[in-house]
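Undergrad: Model the structure of this input:
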Amino acid sequence: MPRKPKTIPGPSRLSIILKQLTREPQPHLPNLKSLKLTYAYRNDHWGARHFVKEDLPRIRYANPSVDISVDKKLKTKEETWAPEFVVELKNGTTHNLDINGKWSTTIFSELMELSAGPWWQKWKKQQAQAGRSAPPPPQKSKTGAAAVLP
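TA: Numbering: from 1, shown residues only. Next comes the predicted model:
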C-alpha cells in the first residue's frame, strides 16, 4: 500500500482547463453561424496562432453549434501572404476580418464587436466603470531597428 503524500494536492488538470474555458468574458455569440481561419502554422501569423490556442477553445465551449474551420498552411520565409479570418453571421452576411499583425486579444475583441450583440457593450461599460480595461491593450508602435526592418 503506497504512503499518503503529506502535501495538499494542487488543483486538478480538469479544473484548470475549466477555469480557462469559463473565464470572463464568456464569448457567447448568438449571432454567429461559422468561423473560417487560415494561417501559417510556422514562420508567421503569431496573433492568429495565439488566438486559436487561447480563445478559440473558449468560443467552441460557449457556442457548440458554431461551425469552426481552421486551416494551417505551410508558409516559407520567402512567401508573403496574410492570414484570413472569415466570419459568417446567422443573417447571412459574411465579414473578412483583417488579422494580419494583430494580437490575439485584438482579434478576439473585433470578433466580439462584430457578433456578440448588446451584452458585449454592456460588459465593456461595466469593466470601464470598475476601472479595468475591457478592450485589449493598445498595440505599441515599433521603435528602433524594428521600425526600419520589414
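
Undergrad: Near the closest residue to residue 55 other than its chain neighbours, how many other residues are there?
TA: Closest residue to residue 55 apart from its sequence neighbours, by CB to CB, 6 or more residues apart in numbering: residue 108 at 4.7 Å. Just so you know, the C-beta spots here come from the backbone N, C-alpha and C atoms, and that holds for glycine as well. By other CB atoms under 10 Å, the residues close to residue 108 number 21.

Undergrad: Find the helix or strand that residue 108 is a member of.
TA: helix 104-115 (DSSP states H and E).

Undergrad: Report the buried residues of that helix.
TA: Of all the residues in helix 104-115, those buried under the rule 16 or more other CB atoms under 10 Å are 104-112, 114-115.

Undergrad: Mind listing the strands the helix or strand harbouring residue 36 pairs with, and their directions?
TA: Using DSSP H and E, residue 36 sits in strand 32-40. With DSSP bridges as the test, strand 32-40 is paired with strand 67-73 (parallel), strand 84-89 (antiparallel).

Undergrad: After that strand, heading C-terminal, what element do we hit next?
TA: Per DSSP H and E, the helix or strand that comes after strand 32-40 is helix 46-54.

Undergrad: who are the neighbours of the next helix or strand after that following helix, in terms of helices and strands?
TA: The helix or strand immediately downstream of helix 46-54 is helix 56-62, counting by DSSP H and E. On a contact count with 3 or more CB pairs under 8 Å, 6 or more residues apart in numbering; DSSP states H and E, helix 56-62 meets helix 13-21, strand 32-40, strand 67-73.
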